[in-house]
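A.B. asks: here are the coordinates; sequence isn't available:
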Ligand SMILES: [Zn+2]
């Protein structure tokens, strides 16, 4: 999934644009881990609103 994703935090509903193939962890401003790299595709722990091309 090497695309940009529009995601929303399940806890505080903050919206962020992240890279779906990110190699570093993405943490929301509320402290919740939204995206965790697994070596291949990222493990996304939030709601995907939109996949951007
Ligand atoms: Zn949050």
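C.D. replies: That came through, no problem. Note that the structure is a prediction, hence the values are computed from the model and not measured. Numbers count the residues shown, from 1 in each chain.

A.B. asks: Give the closest residue to the most centrally placed residue in the chain in space, chain neighbours not counted.
C.D. replies: Ranked by distance to the mean C-alpha position of the chain (C-alpha atoms, centre = their mean), the top residue is residue 35 at 4.3 Å. Using C-beta to C-beta, 6 or more residues apart in numbering and skipping residues adjacent in sequence, the residue nearest residue 35 is residue 26, 3.9 Å away. For glycine as for every other residue, the C-beta is placed from the backbone atoms N, C-alpha and C.

A.B. asks: That neighbour - how many residues pack around it?
C.D. replies: Per other C-beta atoms under 10 Å, the neighbour tally for residue 26 reads 19.

A.B. asks: Could I get the contacting residues of it?
C.D. replies: 16, 18, 33-35 (C-beta atoms under 8 Å, 6 or more residues apart in numbering).

A.B. asks: Which of the residues you listed fall in strands?
C.D. replies: Mapping those onto strands (DSSP state E) picks out 16, 18, 33-35.

A.B. asks: the bottom helix or strand of this protein by mean pLDDT?
C.D. replies: When the helices and strands of the chain are compared on mean pLDDT, DSSP states H and E, strand 43-44 comes out lowest with a mean of 88.

A.B. asks: So which residues make contact with it?
C.D. replies: Contacts to strand 43-44, defined as C-beta under 8 Å, 6+ apart, come from residues 5, 7, 20, 34-37.

A.B. asks: Quick one, which of the residues you listed are buried?
C.D. replies: Using 16 or more other C-beta atoms under 10 Å as the burial test, the contacts of strand 43-44 include 5, 7, 20, 34-35 as buried.

A.B. asks: and the least confident of these?
C.D. replies: Among the buried ones among the contacts of strand 43-44, residue 20 has the lowest pLDDT, at 80.

A.B. asks: what's near enough to touch that residue?
C.D. replies: 1-5, 41-42, 44, 51.
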